[in-house]
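A.B. asks: Dropping the sequence and predicted coords here.
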Amino acid sequence: MRQVVTIMLLAALAVAPPGHPQPQEPAKAADTVTTGVSMVLVNVTVLTSYGFPVAGLKADNFKVFDNGQQMAIAAFQEAAQRLNIVMIIDSSGSTYKQMSLIKQGAIDFLRRLQDTRPQDRLAIVHFNDDVSLLADFETGWREKAALVQDRLDAMGGTALYDAIFLSTRDVIQRTPGRRIVVLYTDGIDNKSLKDFSDAFTTALASDATFFVLTVDNMKQALADADKDVYQLSRRQYYEHAQGEAASRTGRVEPQWTQSMHQQYPAPAVLETSYRLAHQRLARLAETSGGKFFKVGSYEELPGIYRAIAAELPYTYTLGYQPDFATFKPGEFHTIEVRVDDPALRPRYRRGYYYTAPPAAEPTKP
């Protein structure tokens, strides 16, 4: 019931009809995105050799290739044009000691956008046991900051994958234009109804670029491992154990089996779960053409938020229209973007799996 209510809440933000339903293809997740629409959109950030973003580029400065074949750029949005941004903020119980710094970072991000990019649209979602809408796209900038300060409280578990799934499918994916997601979390998922493959596939199908911030919260987690906020479900134990076994010995270690019958995870299990969570988040950010930030302390959060806000004005969007009539459903297509200055480095998503649109229903007489 919780999931249905949350989906209805987030769906109220929709300003355009949803796209075609996307298939679940977790086995095809590496560096891919699924598309079933008439144009392939690619967000691109261009960097110098020193890592500084480049402004002022035009469509003529870019070339885009689909499966090695050069495509005509049919749509181009300069960096200064409007972005649709969703902030996702972890408000689970594990953040209770540092919530003031989390709020400060989020508010600094909002104020910087208000000052430098007032044309952008931004919604805020937060999650603990549930996923909740804090501010929609139409809420004013000052009101958004006030809501973060007054309404964001740390409690409960971490429904991280539900937050990614619902925010991208029911908010950002239904919003026309360029899409950015800025996600902060400090912990492992332990409350979601969706798993990572669901969240990952849906996130990539949204064409959004993900900037992911996470704090290395291992020491606090180990010290507080007997608190309810760190409990794992049986499904999560199996999922994490399988991931660990596949990456190391090919078998489930004894501590995993023992922890499944205990109320709280053993330290070795908790450490593995954090490592797996960070690997997954890094994969999501990098596959979507964004960035993954793993910081050592909460004091660094405001600076990272400012760095993301400073980079957003340099995000270009290219659109091209391949001959979809020749495509096969499920077929993988690589994307390559080049700029005319070899000293510059473009950052972008690397490919997609084609999904055919659903057949039109016959017209009733």
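C.D. replies: Nice, I can see it. Not measured: the values here are computed from a predicted model.
A.B. asks: What sits closest to Met71 if chain neighbours are left out?
C.D. replies: What sits nearest to Met71 in space, not counting adjacent residues and going by C-beta to C-beta, 6 or more residues apart in numbering, is Tyr320, at 3.9 Å. Where you see a C-beta, it was placed from the backbone N, CA and C, and this is true even at glycine.
A.B. asks: From what I see, the one you found and Ala72 are in contact.
C.D. replies: Yes. Taking contacts as C-beta atoms under 8 Å, Tyr320 lies within contact range of Ala72: 6.4 Å.
A.B. asks: Residue nearest the middle of the chain, spatially speaking?
C.D. replies: Phe210 (4.2 Å; C-alpha atoms, centre = their mean).
A.B. asks: sorry, back to before: and Tyr320 and Ala72? Which one has more around it.
C.D. replies: Using other C-beta atoms under 10 Å as the criterion, Tyr320 and Ala72 rank with Tyr320 on top: 19 against 9.
A.B. asks: Distance-wise, check the more buried one relative to Ala74.
C.D. replies: 6 Å (C-beta to C-beta, to the nearest Å).
A.B. asks: so what sits against both of the two?
C.D. replies: Met39 (C-beta atoms under 8 Å, 6 or more residues apart in numbering).
A.B. asks: got any ranges where the stretch 101-250 of the chain has weak pLDDT?
C.D. replies: Scanning the stretch 101-250 of the chain with the threshold set as pLDDT under 70 gives 217-250.
A.B. asks: From Ala205, how far out is Leu113?
C.D. replies: From Leu113 to Ala205 the distance is 26 Å (C-beta to C-beta).
A.B. asks: same check, this time on Val131
C.D. replies: The gap separating Val131 from Ala205 is 18 Å, by C-beta to C-beta.
A.B. asks: Quick one: mean pLDDT over the longest helix belonging to the chain.
C.D. replies: What stands out as the longest helix in the chain, according to DSSP state H, is helix 267-287. Helix 267-287 carries an average pLDDT of 83.
A.B. asks: list the buried ones in it?
C.D. replies: 269-270, 272-278, 280-287 (16 or more other C-beta atoms under 10 Å).
A.B. asks: name the helices or strands packed onto it?
C.D. replies: On a contact count with 3 or more C-beta pairs under 8 Å, 6 or more residues apart in numbering; DSSP states H and E, helix 267-287 meets helix 196-205, strand 209-215, helix 218-223, helix 234-247, helix 254-260, strand 291-295.
A.B. asks: which parts of the first one are buried?
C.D. replies: The one in question is helix 196-205. In helix 196-205, counting by 16+ other C-beta under 10 Å, buried: 196-205.
A.B. asks: between those residues, which is nearest Gln119?
C.D. replies: Taking C-beta to C-beta as the measure, Gln119 lies nearest Ala203 of the buried residues of helix 196-205, at 24.6 Å.
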